[in-house]
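Chemist: Next input, structure requested:
(2 chains, ligands or ions: 2)
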Amino acid sequence: MINVENVTKSFRRGDTEIPVLRGISCEIPRGAFAFIVGPSGSGKSTLLYLIGALDEPTSGEIHVAGRRLDEVDQAGRDAFRRTEIGFVFQSFNLLSNLSALDNVLIPYMPIGEAARRRGDAIELLKQVGLEHRLDHRPAQLSGGEQQRVAIARALLKQPSIVLADEPTGELDSENGAEVYRYLRRLQQEQNSTVVSVTHDRSYIQEGDLVLEIRDGRIAE
Amino acid sequence: MLRFAIGNLLSRPGRSSLSTLGLAVAIGGMVGLFSIAGGIDHLVASTFELIPGLLVQQRGAPVPLFSTLPADWQQEIEDIEGVSVVNAEVLVRANVIEGKTIISPPRFVLGVDIENRLRLKNGVYAECMEEGRFLRPEDAGTTNCVVSRQIAEEFGRSVGDVLRVNGYDVTIVGTYYSGSMLIDVSILMDIGTVRSVSRYDPDSVSVYYLETTGEIDDETVSRRIEQHFADRRLAEWDPSSAASRLIGPEMSLTDLFRNLDTLAKAGELDRPAAERSPEEDSPEGGENSERDALSESAADSVSPVEVRSADDWADEFENFMTDLDLFLTLMTGIGVVIAVLSIVNTMLMSVTERRIEFGILRANGWSRGHVLSLVTFESALLGVVGGLIGAALGWIATHVVNWTFPERIHLHAGPGLLLLSIAFSVLIGALGGAYPAWHAARLSPMEAIRRG
Ligand SMILES: Nc1ncnc2c1ncn2[C@@H]1O[C@H](COP(=O)(O)OP(=O)(O)O)[C@@H](O)[C@H]1O
Ligand SMILES: [Mg+2]
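Modeler: Residues are numbered from 1 along each chain as shown, chains lettered A, B, ... in the order given. Ligands and ions are numbered 1, 2, ... in the order given. You can find the predicted model right below:
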């Protein structure tokens, strides 16, 4: 499903190149529930964004769902993110000017399909327990509720991959556990591949794939 | 998408409304400025529609008021093929009415050959009568007159009342109203009466107004008349004679400018008009035989008369309008530049604040193009609203001005101008948003999210 081959990534800061990923190789099979762990600043988010085609590696190849990402053009990457990938970030997932419902419909707005997906979006918000919050703005929602809206948005497109970057980072343990409950349900019901960055190993369960990054490489 | 864009604009109400207001003022200014041109255009067109005939006047005279022609040319003009009715007109300024010095709007005493006037198919005034009656042949020699509705209203007179004009009492027998500010300025009387009360040379007229038979086109008739008189000599039109009549020219700004110009060049204003006789050095046709051989073009160039049709006047206005439009475009340009900068500023600030938003949108599959359209769309919306408000303001302003100065200014903001200015405003909005939009689309989504 996801195949990362000898990927390096460095950032330029002023005149110096700062290598973050120094040759990462890993494989995440379809339907897996994978965690990326490692110390802060080790490049976890960087790897996740590379997989999600939000950024491009300095060298190496990434294959996702049969595509070689560096061979896909910009329009293809946009479509790939729109149809196959659900992102859930630590925070700032939602647009403050839109209601919960409209936030769920964001991917479909520019292509004029928002109205058609409305019913499904309401259904998904119900499933994450937000049926009374459809018209609420993000400011009127708690942190846990906001993350659930983001999960509903990821669910709506029935993604083959969900990429979550510390989705529980700003939540208490109760709300954090709930977020992972929804992610696991998604993985099981839709057979999606879930890749989540976390620094809290307590969410890891038997059978999960754990990738630990250390010094820019996968630690064995 | 529309709701989203509106929501984004409304979430920054202060800034959005300020830049909308800036745009509205620019667009309102544009409507206001171009309504001047529109008004002149409109007025000129509607005036010339009412005057379908040809006007024979002294060559060089900028307006009929400044023209003087021999009275005995009437018969000659009538005999020219293609001419049907010729009406002699004597035009003098009404300087004082009811003790009030008249400057603006100008008023004229127009002396007409009544009997002949009634033979015109379209006598301009007779068709526009409102109250009372038009002049009749038996009014010849009397001080019976027909005045425009505006003059009657200005001095609180109606049919049957007496009006004191230039020191003489005249009796109003009828009022007319044409709707054209250029025509509704006259006091019509018998030509003989006007000559005697204003001490106008009995052997002169100001101009001839004529109608053609319609069998030959106006241009040919005009050329024939000019050619017919090619061998006569009139005193060159003397700008200094115009000095006393200068204030409040009848036709237009162009003429005013040109009069001033001519006067400035002539440099001498000392010769009183009364001394002048139109036939000063006009021979009694003795040189005819020598001149017969002259070619047509040469003859044209020396004819002491010129024949003007509505089209000629219109052409002249066309030139003036081109200059005016250029000037108005420059003025509007200044306002527009300011409005564009204000929009660019507003949208750029908004875009900078929304980096994270754009990152979220991009992460959810929005392309650069989608982000670009969203921002451009928002700023075009500012343009729509600004344009609507501006056009409405401009439109109201032109009406207020017209209503306040009904006889001095006529502004016209037609639907064409209004629609154009709204469209222009949308364009400004979209263009003003283009750079900020490009800026927003260029942002790396990953960087935006990471900063958040
Ligand atoms: N766009 C960027 N420009 C410069 N440095 C970056 C950029 N993105 C990430 N980095 C650096 O790369 C390193 C890894 O970042 P990140 O992947 O966010 O780590 P993690 O998610 O594991 O905490 C950090 O030192 C960070 O400062
Ligand atoms: Mg991180």
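
Chemist: Next, the buried residues of stretch A:92-110.
Modeler: Residues A:92-95, A:97-110 are the ones in stretch A:92-110 that count as buried (16 or more other C-beta atoms under 10 Å in any protein chain shown). Every residue, glycine included, has its C-beta placed from N, CA and C.

Chemist: Can you tell me the closest non-neighbouring residue to residue A:34?
Modeler: residue A:209 (4.1 Å; C-beta to C-beta, 6 or more residues apart in numbering or on different chains).

Chemist: Distance check, that neighbour against residue B:92.
Modeler: 106 Å (C-beta to C-beta, to the nearest Å).

Chemist: More neighbours: which of the two?
Modeler: Neighbour tally, residue A:209 and residue B:92, criterion other C-beta atoms under 10 Å in any protein chain shown: the higher count belongs to residue B:92, 21 against 17.

Chemist: tell me the SS of the more buried one?
Modeler: strand (DSSP: H, G, I helix; E, B strand; the rest coil).

Chemist: same thing with residue B:219?
Modeler: Applying three-state DSSP: residue B:219 is helix.

Chemist: hang on, the earlier thing: what about chain B: which of the buried residues of stretch A:92-110 touch it?
Modeler: A:92, A:93, A:94, A:95, A:97, A:98, A:102, A:106, A:107, A:109, A:110 (C-beta under 8 Å from any C-beta of the partner chain).

Chemist: Specify the beta-bridge partners of the nearest residue to residue B:200 once chain neighbours are set aside.
Modeler: Sequence neighbours aside, residue B:90 is the residue nearest to residue B:200 in space, at 5.5 Å (criterion: C-beta to C-beta, 6+ apart). Applying DSSP bridges to residue B:90 yields these beta-bridge partners: residue B:111.

Chemist: and residue B:90, how many neighbours?
Modeler: Neighbours of residue B:90 using other C-beta under 10 Å come to 26.

Chemist: Residue B:404 now?
Modeler: Around residue B:404 there are 9 residues (other C-beta under 10 Å).

Chemist: Contacts only, for the closest residue to ligand 1 within chain B.
Modeler: Closest residue of chain B to ligand 1, C-beta to the nearest ligand atom: residue B:447 (5.1 Å). The contact partners of residue B:447, by C-beta atoms under 8 Å, 6 or more residues apart in numbering or on different chains, come to residue B:359.

Chemist: That one: helix or strand, and which one exactly?
Modeler: Applying DSSP states H and E as the criterion places residue B:447 in helix B:445-451.

Chemist: Please export the C-alpha coordinates of that helix as PDB.
Modeler: Taking Å, rounded to 0.1, in the frame of the first residue of the first chain, the C-alpha atoms of helix B:445-451 are listed here in PDB:
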ATOM      1  CA  PRO B 445       0.300  23.900   2.500                       C
ATOM      2  CA  MET B 446       2.700  21.900   4.600                       C
ATOM      3  CA  GLU B 447       4.400  25.000   5.800                       C
ATOM      4  CA  ALA B 448       1.200  26.700   6.700                       C
ATOM      5  CA  ILE B 449       0.000  23.700   8.700                       C
ATOM      6  CA  ARG B 450       3.300  23.300  10.500                       C
ATOM      7  CA  ARG B 451       3.300  27.000  11.600                       C
END
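
Chemist: which of the residues in that helix are buried?
Modeler: So helix B:445-451, judged by 16+ other C-beta under 10 Å, has buried residues B:445, B:446, B:448, B:449, B:450.

Chemist: Throw the residues you listed into a markdown table and include pLDDT, thanks.
Modeler: Shown next, in a markdown table, are the buried residues of helix B:445-451 (pLDDT from 0 to 100):
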| residue | pLDDT |
| --- | --- |
| B:445 | 79 |
| B:446 | 77 |
| B:448 | 75 |
| B:449 | 76 |
| B:450 | 74 |
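
Chemist: Let me know the closest of these to residue B:388.
Modeler: Residue B:388 lies nearest to residue B:448 out of the buried residues of helix B:445-451, by C-beta to C-beta, at 34.0 Å.

Chemist: Can you tell me the SS state at the nearest residue to the closest one once chain neighbours are set aside?
Modeler: Once flanking residues are discounted, residue B:448 sits nearest to residue B:359: 2.9 Å by C-beta to C-beta, 6+ apart. Judged by three-state DSSP, the three-state class of residue B:359 is helix.

Chemist: Residue B:359 against residue B:440, yeah?
Modeler: No - using C-beta atoms under 8 Å, residue B:359 is not in contact with residue B:440, being 10.3 Å away.

Chemist: Thought residue A:36 was touching the residue nearest to residue A:34, still the case?
Modeler: No - if you go by C-beta under 8 Å, residue A:209 and residue A:36 don't touch, sitting 9.5 Å apart.

Chemist: moving C-terminal of the helix or strand containing residue A:196, what's the next helix or strand?
Modeler: Using DSSP H and E, residue A:196 falls within strand A:193-197. Next helix or strand after strand A:193-197 toward the C-terminus (DSSP H and E): strand A:209-214.

Chemist: for that following strand, which positions count as buried?
Modeler: A:209, A:211, A:212, A:213.

Chemist: That strand pairs with which strands?
Modeler: strand A:33-37 (parallel), strand A:217-219 (antiparallel).

Chemist: quick one: which of these has the weakest pLDDT on average?
Modeler: Lowest mean pLDDT of these: strand A:217-219, a mean of 90.

Chemist: now check that one, is it near ligand 1?
Modeler: No - using C-beta under 6 Å from any ligand atom, strand A:217-219 never reaches ligand 1; the gap is at least 13.1 Å.
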